[in-house]
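Peer 1: kindly generate the corresponding structure for this input.
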Amino acid sequence: MQKISVNLSTLPSEWAVPCKMAIKDLNRRFKEGRIGVELVAGNVKIKGPVIDVKIDPGIKNNMVHGKTSAAVNASGQLIKSTIGLPKVLEFAVPWGKSGMRSAGAGARSVIAGHEFIHALMHHSHNSHLMAQTLSVEIGDDAKDDKLKAFGISMPPLQLSNDTISQLKALWK
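Peer 2: Below is the predicted model:
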């Protein structure tokens, strides 16, 4: 099993908490799918790849996505990934009231989870968590916010069989 260190040290709490939620959820999915990788957040020293997660001020217009890049060695093995998350993520308040409010941890965890999968070198946008477009399901309050793709509301994070197969091939 390849352990990958995830650095969340520069994130504000509105992103650090959802990232930890996504890591917990993804590690459960990886175990269920027999995918040979585990994400480890915190100050744990792990020899191997690192995923750095930061706020990317270049993500504008309240976009429901992040940006991920990965560096690999000559044999195609992951060395490091960098995930950028939006500074501002707001949704319209429910029930026709005017105004915006900060998105909840659940919706943020879906965005973070999507980017973590990209950081693991999965590139396609095929379904479930890895959909190209996620629609917003505004909760009664922020804690109930969800994102939806292909008829599936998340959280909890869901990986398609195709995504599981691709990750298994990458992380044996």
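
Peer 1: now the longest strand that the chain contains: how far from the chain's centre is it?
Peer 2: In the chain, taking DSSP state E as the definition, the longest strand is strand 78-85. Averaging C-alpha positions (Cα atoms, centre = their mean, to the nearest Å) puts strand 78-85 11 Å from its chain's average.

Peer 1: same question for stretch 139-150.
Peer 2: 15 Å.

Peer 1: just the CA trace of it, in CSV.
Peer 2: Only the C-alpha atoms of stretch 139-150 are listed here, as CSV (Å, rounded to 0.1, in the frame of the first residue of the first chain):
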residue,chain,number,x,y,z
GLY,A,139,-29.2,22.6,1.9
ASP,A,140,-31.5,24.2,4.4
ASP,A,141,-28.3,25.4,5.9
ALA,A,142,-24.7,25.2,4.9
LYS,A,143,-24.0,21.8,6.6
ASP,A,144,-26.6,20.2,4.3
ASP,A,145,-25.2,21.4,1.0
LYS,A,146,-24.4,18.7,-1.5
LEU,A,147,-23.1,18.5,-5.0
LYS,A,148,-24.7,16.2,-7.6
ALA,A,149,-23.6,14.4,-10.8
PHE,A,150,-25.3,11.8,-12.9
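
Peer 1: tell me the buried residues in the longest strand of the chain?
Peer 2: The neighbour-count check on strand 78-85 (16 or more other Cβ atoms under 10 Å) flags 78, 80-85 as buried. The C-beta positions use only the backbone N, C-alpha and C, and glycine is treated the same way.

Peer 1: for it, packing partners?
Peer 2: When contacts are defined as 3 or more Cβ pairs under 8 Å, 6 or more residues apart in numbering; DSSP states H and E, strand 78-85 packs onto strand 50-55, strand 67-72, helix 105-119.
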